[in-house]
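Asks: Please work out how this folds:
(2 chains)
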Amino acid sequence: SQQGEEDPQALSIQEGENATMNCSYKTSINNLQWYRQNSGRGLVHLILIRSNEREKHSGRLRVTLDTSKKSSSLLITASRAADTASYFCATDRSSNTGKLIFGQGTTLQVKP
Amino acid sequence: IAGITQAPTSQILAAGRRMTLRCTQDMRHNAMYWYRQDLGLGLRLIHYSNTAGTTGKGEVPDGYSVSRANTDDFPLTLASAVPSQTSVYFCASSDQDRGSYTFGSGTRLTVV
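Replies: Below is the predicted model of the structure:
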């Protein structure tokens, strides 16, 4: 069963705009992570936010976590064509520590 | 360059044949994982190993086996391939103190 569900499934924006992707999950977590996957490639870790954190920044990325709503969002500011990729949230559940459960991903297209 | 190496990159396999997907890491990570990625289903955990000498079952272990004889290698074996095992297979590893995963580039397997 999938722990995380991303929304939207697909997103198309113009270069320079901000992109927001959301993730909902079902059970208590230790941390939530976001990964990026370019077409035909492996996943690359972007950012990890722990269950006791509410917001985290890394460059143009901003991640929020609301444990009461069991949801997270990933914001990419000032998007670039090179940000075109699929983005996945993954949860490290409290009941099964260390083994990430991935959502189905959001496909982001940034048009130049 | 530190990371994970998967082999082969792609393979077409006749149903009923045995196949081993290779995975090697040079980061001395304790934990290793095998996922399969299918369109619309995201990544699903097949098997994992928390440390050399131990393995465990993930969400979709049937038809697959793994071994972890040493820290660096984590091969995945399909004893008798079936068409439903057509997928892209990703190996990953993690330093459990950091929590994030490093992924290989994947093996695209087609069972005909």
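
Asks: Could you tell me which ranges of chain A sit under the pLDDT cut-off?
Replies: Along chain A, segments meeting pLDDT under 70 span A:1-4.

Asks: who touches the most centrally placed residue in chain B in this structure?
Replies: With distances taken as CA atoms, centre = their mean, B:Trp34 lies nearest the centre of chain B, 3.1 Å away. Contacts of B:Trp34 were listed using CB atoms under 8 Å, 6 or more residues apart in numbering or on different chains, and they are B:21, B:23, B:45-48, B:58, B:64, B:66, B:74, B:76, B:89-92. For glycine as for every other residue, the C-beta is placed from the backbone atoms N, C-alpha and C.

Asks: Any figure for the gap between it and B:Val88?
Replies: 12 Å (CB to CB, to the nearest Å).

Asks: what's the answer for B:Val82, then?
Replies: According to CB to CB, B:Val82 and B:Val88 sit 16 Å apart.

Asks: ok, the two, which is more surrounded?
Replies: B:Val88 (18 against 11; other CB atoms under 10 Å in any protein chain shown).

Asks: tell me which element that one is part of?
Replies: strand B:87-94 (DSSP states H and E).

Asks: what comes into contact with whichever helix or strand comes after that strand?
Replies: Using DSSP H and E, the next helix or strand after strand B:87-94 towards the C-terminus is strand B:101-103. Contacts with strand B:101-103, where a contact means CB under 8 Å, 6+ apart, come from A:33, A:35, A:42-45, A:90, A:100, B:3-4, B:25, B:27, B:29, B:33, B:90-94.

Asks: would you say A:Ile13 is within a strand?
Replies: Yes. Assessed with DSSP: H, G, I helix; E, B strand; the rest coil, A:Ile13 lies in a strand.

Asks: Roughly how far does it sit from A:Ser86?
Replies: 15 Å.

Asks: neighbour count winner among these two?
Replies: For A:Ile13 versus A:Ser86, neighbours defined as other CB under 10 Å are more numerous around A:Ser86 (20 against 17).

Asks: Check the secondary structure at that one for me.
Replies: strand.

Asks: Any buried residues in stretch B:103-112, and which?
Replies: Using 16 or more other CB atoms under 10 Å in any protein chain shown as the test for burial, stretch B:103-112 gives B:Phe103, B:Gly104, B:Ser105, B:Gly106, B:Thr107, B:Arg108, B:Leu109, B:Val111.

Asks: CA-only coordinates of that stretch in PDB, if you can.
Replies: C-alpha atoms of stretch B:103-112 as PDB (Å, rounded to 0.1, in the frame of the first residue of the first chain):
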ATOM      1  CA  PHE B 103      20.000   5.400  -5.600                       C
ATOM      2  CA  GLY B 104      21.600   3.600  -8.500                       C
ATOM      3  CA  SER B 105      20.700   4.400 -12.100                       C
ATOM      4  CA  GLY B 106      18.400   1.400 -12.400                       C
ATOM      5  CA  THR B 107      18.000  -1.800 -14.400                       C
ATOM      6  CA  ARG B 108      15.200  -1.900 -17.000                       C
ATOM      7  CA  LEU B 109      14.000  -5.500 -17.200                       C
ATOM      8  CA  THR B 110      11.600  -6.900 -19.800                       C
ATOM      9  CA  VAL B 111      10.300 -10.400 -19.300                       C
ATOM     10  CA  VAL B 112       8.800 -11.900 -22.500                       C
END
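
Asks: ok now the strand or helix carrying the residue nearest to the centre of chain B, how far from the chain's centre?
Replies: In the assignment (DSSP H and E), B:Trp34 maps to strand B:31-38. Centroid separation for strand B:31-38 versus its chain: 5 Å, with CA atoms, centre = their mean, to the nearest Å.
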